[in-house]
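Student: 3D, please:
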Amino acid sequence: MRYLIGAGNYTAFDDSIGLRIVEWIAEQGLEKGFRAIDLSGNTLNLFTYLEKPTEHILIADSARMGKRPGAYAFFKPEDVRTKKKLAGMTTHEGDLLKILEFARQMRYHIPPITFMGIEPQEFKNEIGLSEALARRLPEYARAAIRRCLDG
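Tutor: Sure thing, here's the model as predicted:
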């Protein structure tokens, strides 16, 4: 099984881009050869998909990469380091890189994982997306699907 997982927060504006990608894929009926999953509120749910039958996981999320708003990149977990400062590991403070590190320590099966990071324009306490990201949503979804299926 292959999974295309959207991470983020609907109430933090551009931080919702990963969730919007999964939502768009579901609305368009494009789940073929993979399952689209909304991870939203609880990133610890990633553990559910770390099992031997999993062939590949693509995680779409906002990522500050120093690029122009709306730009995206694909990368492996081992290619990046987190800059988040967290008080601990809770369902309210998600850091997918730290969750994967914890899963390795707990001897979970870690299938091939690819991140799709999308440079946000703005994080704020509001539902929606900036124009820079909203107009490219179909492009992001198609790119994520291709990468998810290619591995």
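Student: helices or strands up against the helix or strand of the chain with the lowest mean pLDDT?
Tutor: None of the helices or strands of the chain scores lower by mean pLDDT, DSSP states H and E than helix 96-105, at a mean of 91. Helices and strands touching helix 96-105, by 3 or more Cβ pairs under 8 Å, 6 or more residues apart in numbering; DSSP states H and E: there are none. Every residue, glycine included, has its C-beta placed from N, CA and C.
Student: oh, and call the first residue 590 from now on, that's how I've got it
Tutor: Understood, numbering begins at 590; the last thing we discussed is helix 685-694.
Student: now it: buried residues?
Tutor: Buried residues in helix 685-694, counted by 16 or more other Cβ atoms under 10 Å: 685, 687-689, 692.
Student: shaky segments in the protein?
Tutor: 630, 669-683 (pLDDT under 70).
Student: circling back to that earlier point, which element follows the least confident helix or strand of the chain toward the C-terminus?
Tutor: Following helix 685-694 in sequence order, the next helix or strand is strand 702-707 (DSSP states H and E).
Student: where does the residue nearest the centre of the chain sit: helix, strand or coil?
Tutor: The residue lying closest to the centre of the chain (Cα atoms, centre = their mean) is A649, at 2.7 Å. Of the three states, A649 takes strand under DSSP: H, G, I helix; E, B strand; the rest coil.
Student: residues near the closest residue to it other than its chain neighbours, how many?
Tutor: With Cβ to Cβ, 6 or more residues apart in numbering as the criterion, A649 has its nearest non-adjacent residue at 4.0 Å, and that residue is G607. By other Cβ atoms under 10 Å, 28 other residues sit near G607.
Student: from R696, how far out is G607?
Tutor: Noted for G607: a distance of 27 Å to R696, by Cβ to Cβ, to the nearest Å.
Student: do A732 as well
Tutor: With Cβ to Cβ as the criterion, A732 and R696 are 33 Å apart.
Student: of these two, who's got more company?
Tutor: Between A732 and R696, counted using other Cβ under 10 Å, the more crowded position is A732 (18 against 7).
Student: give me the phi and psi angles of F663.
Tutor: phi -100, psi 140 (degrees, to the nearest 10).
Student: done for today, thanks.
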